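Chemist: how would this look folded up:
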Amino acid sequence: MLLPRIKGPRDLDLLSQEELNQLAAEIRSFLVDAVSKTGGHLGPNLGVVELTIALHRVFDSPKDKVLFDTGHQAYVHKLLTGRQDFGNLRSKGGLSGYPSRAESDHDVIENSHASTVLGWADGIAKANEVLGREDHHVAAVIGDGALTGGMAWEALNNIAAAKDRPLVIVVNDNERSYGPTIGGLANHLATLRTTDGYERFLARGKDLLERTPVVGKPLYETLHGAKKGLKDFIAPQGMFEDLGLKYIGPIDGHDIEALESALQRAKRFSGPVIVHCLTQKGRGYEPAVQDEADRFHAVGVIHPDTGLPVSTDAASWTSVFADEMVKLGKERGDIVAITAAMLQPVGLKKFADAYPDRIFDVGIAEQHGATSAAGLATGGAHPVFAVYATFLNRAFDQVLMDVALHKCGVTFVLDRAGVTGTDGASHNGMWDMSIMQVVPGLRLAAPRDAEQLRAQLREAVLVKDAPTVVRYSKGVVGPAVPAVGRIGGMDVLRTPAPEVTRPDVLLVSVGALAPMCLEIANLLDKQGITTTVVDPRWVKPVDEALPPLADRHRVVVTVEDNGRTGGVGSAVSQALRDAGVDVPLRDFGIPQRFLDHASRKEVMAEIGLTAPDIARQVTGLVAKLDGRFDSEPAAAVD
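Modeler: Numbering: from 1, shown residues only. Below you'll find the predicted structure:
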């Protein structure tokens, strides 16, 4: 076995080409065996085995910086830099699923949001130049999917402006992000893959153009046909060269010797170079290769021989949304859907199959997606833009200035809101309710169960003059939580006994935390503390009925799966002040710090967002109001 002998990148220098190919096979076997036990990003890593080996043979990490976008394809990089214990991958105390500076000096970018690597590379290359580090190199690996993001092209524009500043850009072209890469750039790269001569172009040109999307055809005509004529149209690497970037490729991304040769040439060049590598996502593992949806982009625990899940989960939040969107599409012809290269993960595949003319995949371009949604709404459609909560951060300005300012009826559906856990700091959806609080006119819903998700989605798409947001958690949707009454627009989930004239606690439950809030109320009841539990349903704006209700209680407690700073608790506190309601308020939520990867349950316990922890603190707060003690610890709550 060769893999156990690799303790660092320089150990690769001792291997022959035959041994390198053997190592590649061993790495693939290792990945299938390890990731099938823990879950993780399997397909992307199977596709970059030879490429990563070649990168570490040519570049001297960590002196040279090898950067990955988005980082989910860095498992091979971890193996080659001394991290071969994958037993607790993405679990507490184990390896991160992304590069991690805490793990290794070889890791640079922890941010797992796409299209950022070229900006990082530009900055590091500039630092090398300013500090006179002529023997330091930068290699940035970016997928064809990430190249659909606007940030990548902003960076390319800057990189190309310095023709004597060395920087190697490796385009890992597997025709996919999660699913197949779409758009004009995707077709440009497809042309690079398939063009090998004038004669073949003449035979295929008409067919190629007919298959190019509406947006792509004019782009090609402008960039290639109109500018430099037919010659450059059949040699489309001219697109990169027009930017001032030297181009090498396409290179077989599974030929280590060819990759090393190309990378060595790029490294020796005294300016920016694109090395275009063709790889196969999921390579070497037949179940992944045969998976047309996303080539096993990310998997749970699976049987390594078959690729089938070990267990089948109950209905997920995403699946509930997916089914309701199909129903809405049938009822309303103006409903359209938008995804940013994540058709399957956000649950829009069924809608796309049912209504293929009403689905728009904008690529990894959340900013464009939000502004395009404003245009769709202005044109008379009602767009539903489904996106992971953490990725909506990237489109804040567009939500504010394009959608909200223009009073456009756009619904943003945020999947994986709150603590997600195993994907680490950048994937926890803990900022959306804080960020969206500042957007004038925006309405934000946090459904507590499947029934409420369906209901609030329907309420959202009825709004025509303002943006709406519906956010929900990752994973399995919990049991139904029935309401026992309604006050204003709020559902009452629990009330004290009728003889209680002024209950102790008004507990404001946000979204999927409703079962936990009911558990908190039960624990408080055991301590003789009376509690009303309400679900606001729409947490922005604060319901007008909430301040008068709060005034009839001794203390208000809010519980949310969002950062405490600027979240629902802050909004409720402001609403109480504005209404002149002088009732103590305690807000519970996620602390404003980046959270290490672990399971959701472990993260929630670590930050004290559990029923016993909250009940214990509320018990102490009520005891203080009663004057039972001043400084002694609160009574224990089991």
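Chemist: Are there helices or strands packed against the strand ranked longest in the chain, and which ones?
Modeler: In the chain, assigned by DSSP state E, the strand with the most residues is strand 555-563. Counting contacts by 3 or more C-beta pairs under 8 Å, 6 or more residues apart in numbering; DSSP states H and E, strand 555-563 is packed against helix 432-436, strand 505-509, helix 514-526, helix 568-578, strand 585-590, helix 611-626. (Glycine included, C-beta is placed from N, CA and C.)
Chemist: All the strands of the stretch 201-350 of the chain, in order from the start?
Modeler: Secondary structure of the stretch 201-350 of the chain (DSSP state E, counting those that start in this stretch): strands located at 246-252, 272-278, 335-339.
Chemist: buried sites along the first one?
Modeler: In this case it means strand 246-252. 246-251 (16 or more other C-beta atoms under 10 Å).
Chemist: pull the helix or strand with minimum mean pLDDT from the protein.
Modeler: One helix or strand of the chain scores below all others by mean pLDDT, DSSP states H and E: helix 227-233, with a mean of 37.
Chemist: that older thread, adjacent strands (with direction) for the longest strand of the chain?
Modeler: The pairing partners recorded for strand 555-563 under DSSP bridges are strand 505-509 (parallel), strand 585-590 (parallel).
Chemist: For residue 65, find the nearest of these.
Modeler: Residue 65 lies closest to strand 585-590 among the strands paired with strand 555-563, at 32.0 Å (C-beta to C-beta).
Chemist: which residues make contact with that closest one from outside it?
Modeler: With contacts defined as C-beta atoms under 8 Å, 6 or more residues apart in numbering, strand 585-590 is touched by 418-419, 428, 430, 550, 555-564, 567-570, 572-573, 576, 607-609, 614, 617-618, 621.
Chemist: Show the average pLDDT along that strand.
Modeler: Averaged over strand 585-590, pLDDT sits at 96.
Chemist: Mean neighbour count, the strands paired with strand 555-563: which tops it?
Modeler: Mean neighbours per residue, mean count of other C-beta atoms under 10 Å, is largest over these for strand 505-509, with a mean of 26.
Chemist: Where does the prediction get shaky in the chain?
Modeler: Scanning the chain for pLDDT under 70 picks out 176-239, 312-313, 628-638.
Chemist: Please point out which parts of the lengthiest helix in it sit buried.
Modeler: If you go by DSSP state H, the chain has its longest helix at helix 17-38. Neighbour counts over helix 17-38 (16+ other C-beta under 10 Å) mark 20-21, 23-24, 26-28, 30-32, 34-36, 38 as buried.
Chemist: immediately after that helix, which helix or strand?
Modeler: Going down the chain from helix 17-38, the next helix or strand is helix 43-46, by DSSP states H and E.
Chemist: rewinding a little: what is the nearest of the buried residues of helix 17-38 to residue 283?
Modeler: Set against residue 283, the nearest of those by C-beta to C-beta is residue 28 (7.5 Å).
Chemist: who's in contact with the closest one?
Modeler: Residue 28 makes contact with 46, 49, 283-285, according to C-beta under 8 Å, 6+ apart.
Chemist: That one and residue 285, how far apart?
Modeler: Relative to residue 285, residue 28 is positioned 7 Å away (C-beta to C-beta, to the nearest Å).
Chemist: and if you look at residue 301?
Modeler: Following C-beta to C-beta, the distance that separates residue 301 from residue 285 is 15 Å.
Chemist: Between those two, point out the one with more neighbours.
Modeler: Neighbours were counted for residue 301 and for residue 285 using other C-beta atoms under 10 Å; residue 285 has more, 22 against 13.
Chemist: so the more buried one makes contact with residue 46?
Modeler: Yes: using C-beta atoms under 8 Å, residue 285 is in contact with residue 46, at 5.6 Å.
Chemist: Between these two, which contacts overlap?
Modeler: Common neighbours of residue 285 and residue 46 (C-beta under 8 Å, 6+ apart) are 28, 32, 296.
Chemist: Leaving out the residues flanking it, which one is nearest to the first one?
Modeler: Here the nearest residue to residue 28 in space, its sequence neighbours aside, is residue 284; by C-beta to C-beta, 6 or more residues apart in numbering that works out to 4.2 Å.
Chemist: re the thing from before, just the shared contacts of residue 285 and residue 46 now: which is nearest residue 59?
Modeler: For these, with residue 59 as the reference and C-beta to C-beta as the criterion, the closest is residue 28, at 22.2 Å.
Chemist: Quick check: that closest one vs residue 74, distance?
Modeler: Taking C-beta to C-beta, one finds residue 28 at 16 Å from residue 74.
Chemist: what lines up beside the strand or helix carrying residue 492 in the sheet?
Modeler: Using DSSP H and E, residue 492 sits in strand 490-494. Partners of strand 490-494 in the sheet, by DSSP bridges, are strand 485-487 (antiparallel), strand 531-535 (antiparallel).
Chemist: Show me the one of the ones you listed that comes nearest residue 449.
Modeler: Closest to residue 449 of the strands paired with strand 490-494, according to C-beta to C-beta: strand 531-535, at 9.6 Å.
Chemist: Give me the contacts around stretch 563-578.
Modeler: With C-beta under 8 Å, 6+ apart, stretch 563-578 has contacts from 430-431, 433-435, 437-438, 446, 508, 510, 536, 539-540, 542, 546-547, 550, 556, 558, 560, 562, 582-583, 585, 587-592.
Chemist: Give the ChimeraX command for selecting the buried subset of the residues you listed.
Modeler: Typed into ChimeraX, the line below selects the buried ones among the contacts of stretch 563-578, using 16+ other C-beta under 10 Å:
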select :430,431,433,434,435,437,446,508,510,536,539,540,542,546,547,550,556,558,560,562,585,587,588,589,590
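Chemist: Please enumerate the helices of the stretch 401-550 of the chain.
Modeler: Remark: helices assigned in the stretch 401-550 of the chain by DSSP state H, counting those that start in this stretch are 432-436, 450-460, 514-526, 546-551.
Chemist: can you put these in CSV and add distance to residue 292?
Modeler: Formatted as CSV, those follow (distance: least, C-beta to C-beta, whole Å):
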stretch, distance to residue 292
helix 432-436, 32
helix 450-460, 28
helix 514-526, 37
helix 546-551, 49
